[in-house]
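[1] Fold the stuff below for me.
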Amino acid sequence: MGATGPLPQQADNIPMPAPSLCPAVSIITPTAEREIFLPAIARCVASQQVDWEWLVLDDSAQPSPFMQQLVARDARVRYMHHTGERLSIGAKRNRLIEAARAPVIAHFDDDDFYGASYLASMLSLMRDNGAQLIKLSGFFLYAPQTQFFGYMDLNAKVGTHYVLTGSSVQQFDFHQKMQIGADFILFYGFSYVYEKSLIALSAFNDVSLCDDESFIKPLVQAGCKIIAVDDPGCTCLHLVHPGSTSRCFSAWSIPPFLLSRLFPQYAGYPLQLRNS
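    Below you'll find the model as predicted:
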């Protein structure tokens, strides 16, 4: 996968769908200096089986050539380039939510993989359970530099885990004396899907680390219905690489050769970054 992969598009004789005045979901992506990742996340967005709009807020030094081309082709995509002082991830999320037209917000991080059925599944579970926010409590993860493929279970409070950073893997035993908080399951906001109306109760702090915690804790305190679910359908793959902002603790190690079988549409980590 290169820095300027093919634009997500339909066949030349089939026009792009017109944007809805009120799409079912607004997908939001804060980004900065990650041009090389944008073609892959754009393909993830385009594959979603729901009526969507995609909002991207970028404060890179220069606007994204890829996103500028995509906006010219697909009116469902809104790309905003911020100049001046850099913004935190939390500040970007707040601005994106404010600009969103849909009643539901979905986080798509610029470096993760979301399968075609991901949003349809999350929205269905959210509706069926009468939830105001849904997220993953368990998810597949992959660290390209170490070739580690695993599954993280936020409910697992004891036992051997694999601690992942972008360039290392270490085994670590979780035990009762560690007193891992019950709120651990609330974090890892790359999979948040929620009602836009929740911004009346909470907002993201002006930070780039733990911004998800600042948003979700007030919602819990306000009594909002929040559910966390596993991913038995293999709809999402969380990437852990040197540019990631948080560590992950995988409860299971999975043979790497199964990655392409469980996620056949995942195109792989950018070749230019695999050895960096």
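
[2] remind me which residues of the stretch 101-250 of the chain are low pLDDT?
    For the stretch 101-250 of the chain, the stretches flagged by pLDDT under 70 are 176-182.

[3] Let's see that with 80 instead.
    Scanning the stretch 101-250 of the chain for pLDDT under 80 picks out 175-184, 243, 245-246.

[4] Which residue ranges of it form helices?
    Secondary structure of the stretch 101-250 of the chain (DSSP state H, counting those that start in this stretch): helices located at 118-128, 211-221.

[5] Point out the other helices and strands that the first one packs with.
    Here helix 118-128 touches strand 25-31, strand 104-107, strand 133-136, strand 193-195, strand 226-229, going by 3 or more Cβ pairs under 8 Å, 6 or more residues apart in numbering; DSSP states H and E. All C-beta atoms are positioned from the backbone trio N, CA, C, and that covers glycine.

[6] what is the orientation angle of it with strand 25-31?
    130 degrees (axes from the mean of the first three to the mean of the last three Cα atoms, to 10 degrees).

[7] One more: the last one?
    In terms of direction (the same axes, to 10 degrees), helix 211-221 departs from strand 25-31 by 140 degrees.

[8] and residue 169, what is it in contact with?
    143, 146, 148, 162-163 (Cβ atoms under 8 Å, 6 or more residues apart in numbering).

[9] same thing with residue 77?
    By Cβ under 8 Å, 6+ apart, the contact list for residue 77 reads 42, 45, 53-54, 56, 67, 70-71.

[10] Please apply the same query to residue 203.
    Contact analysis of residue 203 by Cβ under 8 Å, 6+ apart lists 94, 214-215.

[11] what's the closest of the helices of the stretch 101-250 of the chain to residue 34?
    Closest to residue 34 of these is helix 211-221 (Cβ to Cβ; 17.0 Å).

[12] Same question for the closest one: list its buried residues.
    211-216, 219 (16 or more other Cβ atoms under 10 Å).

[13] so, if you compare those, which one comes nearest to residue 256?
    residue 212 (28.1 Å).

[14] returning to what we had before: which two of the contacts of residue 77 have the greatest separation?
    Going by Cβ to Cβ, the pair spanning the contacts of residue 77 furthest: 53 and 67, at 14.1 Å.

[15] rewinding a little: just send the helices and strands packed on helix 118-128 back as JSON lines, with distance to residue 60 and mean neighbour count too.
    Formatted as JSON lines, the helices and strands packed on helix 118-128 follow (distance: least, Cβ to Cβ, whole Å; neighbours: other Cβ atoms under 10 Å):
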{"stretch": "strand 25-31", "distance to residue 60": "7", "mean neighbour count": "25"}
{"stretch": "strand 104-107", "distance to residue 60": "19", "mean neighbour count": "24"}
{"stretch": "strand 133-136", "distance to residue 60": "28", "mean neighbour count": "24"}
{"stretch": "strand 193-195", "distance to residue 60": "26", "mean neighbour count": "21"}
{"stretch": "strand 226-229", "distance to residue 60": "33", "mean neighbour count": "17"}
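
[16] Quick check: residue 85 vs residue 192, distance?
    Going from residue 85 to residue 192 by Cβ to Cβ, to the nearest Å gives 26 Å.

[17] who's more crowded, these two?
    Higher neighbour count among residue 85 and residue 192: residue 192, with 21 against 6, using other Cβ atoms under 10 Å.

[18] Kindly provide the distance from the more buried one to residue 67.
    22 Å.

[19] if we can go back for a sec, ok, which of the helices and strands packed on helix 118-128 comes nearest residue 183?
    Evaluated over these, closeness to residue 183 peaks at strand 226-229, with 10.7 Å, by Cβ to Cβ.
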